[in-house]
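Asker: Output the structure for:
(chains A, B, C and D)
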Protein chains: 2
Amino acid sequence: MSINKSLLTGSTTMLILKLLEETDMYGYEMIEELSKKSQNIFKLKAGTLYPLLHGLEHKDMLTSYEKSTGNQRIRKYYSITKTGRKYLNEKTKEWKVYTVAINNVLGGVDFAPVQ
Amino acid sequence: MSINKSLLTGSTTMLILKLLEETDMYGYEMIEELSKKSQNIFKLKAGTLYPLLHGLEHKDMLTSYEKSTGNQRIRKYYSITKTGRKYLNEKTKEWKVYTVAINNVLGGVDFAPVQ
DNA sequence: GTATAATATATCGATAATCTATATATGTCA
DNA sequence: TGACATATATAGATTATCGATATATTATAC
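Answerer: Here you go, the predicted structure:
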């Protein structure tokens, strides 16, 4: 994840699900979207993403389908499921609780809630 | 770490150094302080903390000394070094960048900076 | 007085998240 | 045609944290 992998762990799943909450996407697209939306802070590696997507599909958080680009190339699109949305919701709540707790320890002010 | 260990990783070091920036502490005290300051969100395990403290001492982020409580019991106090303070400063900055990036992806508003 | 719980430090092995490296193939542009 | 971007995939290594376990002291309840 570039910035410093050791600050995250676990948030990657939340971010991926969040992207898919808006629209279906293929893996490579997620890497780019995540980089763009985070102003180049998150540079997710393919070696992290693909096994993660397979795992999420296995856990019924996602479903996938293949789609041709018009020529030879076939992209694998992922779609979030109801289970995935529920999980995303839980993770987002956890994230808020977690950041408030960290900021309390750091002695900073609390911040406006996400959404 | 209770809340969900997979949301952290790496932030534990920052939190410990932050505690020690204010005053010298012994391990068990850090577990309690962290729990208290985070409103019981962080429940750091002894099995996480002690190896972490040893590692930080090895990296010259901390120094330690033993202190008697007046009776048999001897507590091992840790003190942050200049290197440790520098590292804490970097980690705190990273944490701010990271949370802003996550919140950008989540579509929430940015929050007031820590400190 | 004695059992139990809290205090205090420590190590070991397991688990999980992410990385690097590697592989394979297609598309585009100089 | 060669290089680079696009696209997916797996294997093995690293690292953070945990649960379990061990040991010893102190405080409290029965």
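Asker: quick one: the helix or strand residue A:94 falls within near DNA strand C?
Answerer: Assigned by DSSP states H and E, residue A:94 belongs to helix A:82-106. No: using CB under 7 Å from any atom of the strand, helix A:82-106 never reaches DNA strand C; the gap is at least 10.9 Å. All C-beta spots, glycine's among them, are computed from the backbone N, C-alpha and C.
Asker: Tell me what angle that helix forms with helix B:82-106.
Answerer: For helix A:82-106 against helix B:82-106, the angle by axes from the mean of the first three to the mean of the last three CA atoms, to 10 degrees is 140 degrees.
Asker: So which elements touch helix A:82-106?
Answerer: Other helices and strands packing on helix A:82-106, by 3 or more CB pairs under 8 Å, 6 or more residues apart in numbering or on different chains; DSSP states H and E, are helix A:11-22, helix B:11-22, helix B:27-37, helix B:82-106.
Asker: In the last one, which residues are buried?
Answerer: By neighbour count, with 16 or more other CB atoms under 10 Å in any protein chain shown as the criterion, the buried positions of helix B:82-106 are B:84, B:87-88, B:91-92, B:94-96, B:98-106.
Asker: what angle sits between it and helix A:27-37?
Answerer: Using the same axes, to 10 degrees: helix B:82-106 against helix A:27-37 is 110 degrees.
Asker: ok now helix B:82-106, how far from the chain's centre?
Answerer: Mean-position distance between helix B:82-106 and its chain equals 13 Å (CA atoms, centre = their mean, to the nearest Å).
Asker: could the helices and strands packed on helix A:82-106 be laid out in TSV, adding distance to DNA strand D and mean pLDDT?
Answerer: Listed next are the helices and strands packed on helix A:82-106 as TSV, based on distance: least, CB to the nearest atom of the strand, whole Å; pLDDT from 0 to 100:
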stretch	distance to DNA strand D	mean pLDDT
helix A:11-22	12	93
helix B:11-22	3	93
helix B:27-37	10	94
helix B:82-106	11	90
